[in-house]
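Student: sharing a sequence plus its predicted fold:
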Amino acid sequence: MRSVAGVLRAFADTPQPDAGFSALMAAFFDDPGYRLATILQHDPEAALCRRVWTNDPARYPIGGAKPVADAPWAQAALFEARIFHAPDEDAVRAAYADHAIIASLGCASAVNFPVRWNGTVIGTINLLHDARHFVSVDLRSFETLVQLATAPLIAHGPLATYG
């Protein structure tokens, strides 16, 4: 609960949405941890996601876009509102077009958490780490923390997209 309280306190800080995103991702860094993390905002009209937060701006810059039409992670997280988990290098290779960059960063597992608002997935929180890092983690236990991303995502994006 301490991490949730810290994120909520950060919502009162400026500038937003950066303070909110940073506090949220600090909580995820503490538990379950990550090597690479991004937050993507879903743009269903353009069939892509735009990066609004990253811990590696050199390789995954803010504002970068990712097509989502046929990506397995997108099917689960964006279109079915389910947590997507790629536990190892083979699963990462099968699910992500940028798997070579992911591997070059020493990452071989990934989790995509859907962020929902008003019945719609508005974005994802994406954590990447060593192979099998998330296997023993109860991923559903992070749903409350994930949903705290709604405020900064809405502050960041066009409200009309979210109904």
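Tutor: Ah, there it is. Residues are numbered from 1 along each chain as shown.

Student: how far out from the middle of the chain is the helix ranked longest in the chain?
Tutor: The longest helix of the chain (DSSP state H) is helix 18-30. What separates the centre of helix 18-30 from the centre of its chain is 11 Å, taken as Cα atoms, centre = their mean, to the nearest Å.

Student: how far off centre is the next helix or strand after that helix?
Tutor: Next in sequence after helix 18-30, counting helices and strands by DSSP states H and E, comes strand 36-43. Distance, stretch centre to chain centre, for strand 36-43: 5 Å (Cα atoms, centre = their mean).

Student: if we can go back for a sec, and the contacts of the longest helix of the chain?
Tutor: Contacts to helix 18-30, defined as Cβ atoms under 8 Å, 6 or more residues apart in numbering, come from residues 3-4, 6-7, 9-11, 13, 34, 37, 39, 52-53, 55, 125, 127, 142, 145, 148-149, 151-152, 155. Placement of C-beta: from N, CA and C, glycine included.

Student: out of those, which are buried?
Tutor: 3, 7, 10-11, 34, 37, 39, 52-53, 125, 127, 142, 145, 148-149, 151-152, 155 (16 or more other Cβ atoms under 10 Å).
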